[in-house]
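**Student:** Below are the sequence and a predicted model; questions follow.
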Amino acid sequence: MNRRRHPHGEHTDWCARDHRCGHDGHRSPSMIVDLPGHARAVLTRIRTGDGHDQAEIRVRVALADADPAARRQLAVLLADLDDLITRAGRARHPQPRHHHPAA
């Protein structure tokens, strides 16, 4: 069997090493949170073709049948996603803790 080298270098420890790992980089197996009838989230770690690691997150949430309630849900989702992305960005470069001497 003829094995080809992956166009983006060797596979990582976390790479799925199957059809998910394609010409655009390396992809991990997906991690899934499923609340049947309510929500589903799928998180995949990706190393892009230019060598940057990223998280891809797909979320589906069941919305209320009434439009005003669905709009409120969407507003909450948007606010929480903004908070999540901000916290994840800060975690990338943690700030040093300041030591305060006892008085």
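**Tutor:** Arrived safely, thanks for sending. Numbering: from 1, shown residues only.
**Student:** Show me where the protein has its helices.
**Tutor:** Per DSSP state H, the chain carries helices over the ranges 67-92.
**Student:** what ranges do the strands span in it?
**Tutor:** 25-27, 31-35, 39-48, 53-61 (DSSP state E).
**Student:** closest to Ala75 out of the ones you listed?
**Tutor:** Closest to Ala75 of these is strand 53-61 (C-beta to C-beta; 12.4 Å). All C-beta spots, glycine's among them, are computed from the backbone N, C-alpha and C.
**Student:** got the angle for the closest one vs helix 67-92?
**Tutor:** Per axes from the mean of the first three to the mean of the last three C-alpha atoms, to 10 degrees, the angle that strand 53-61 makes with helix 67-92 is 160 degrees.
**Student:** Parallel or antiparallel, which strands does strand 53-61 pair with?
**Tutor:** strand 39-48 (antiparallel) (DSSP bridges).
**Student:** Mind listing what's buried along the strand it pairs with?
**Tutor:** Within strand 39-48, the residues that count as buried by 16 or more other C-beta atoms under 10 Å are 44-47.
**Student:** out of those, who's nearest Ala88?
**Tutor:** For the buried residues of strand 39-48, the nearest to Ala88 is Arg45 (12.7 Å; C-beta to C-beta).
**Student:** Look at the spatially closest residue to the closest one that is not a sequence neighbour and report its pLDDT.
**Tutor:** Of all residues not flanking Arg45 in the chain, Ser28 sits nearest, at 4.0 Å (C-beta to C-beta, 6 or more residues apart in numbering). Per-residue pLDDT puts Ser28 at 88.
**Student:** Can you get me a residue count around Ser28?
**Tutor:** Burial of Ser28 is recorded as 20 neighbouring residues (other C-beta atoms under 10 Å).
**Student:** quick one on the thing from earlier: lowest mean pLDDT across the strands of the chain, which one is that?
**Tutor:** strand 25-27 - the lowest mean pLDDT of these, at a mean of 84.
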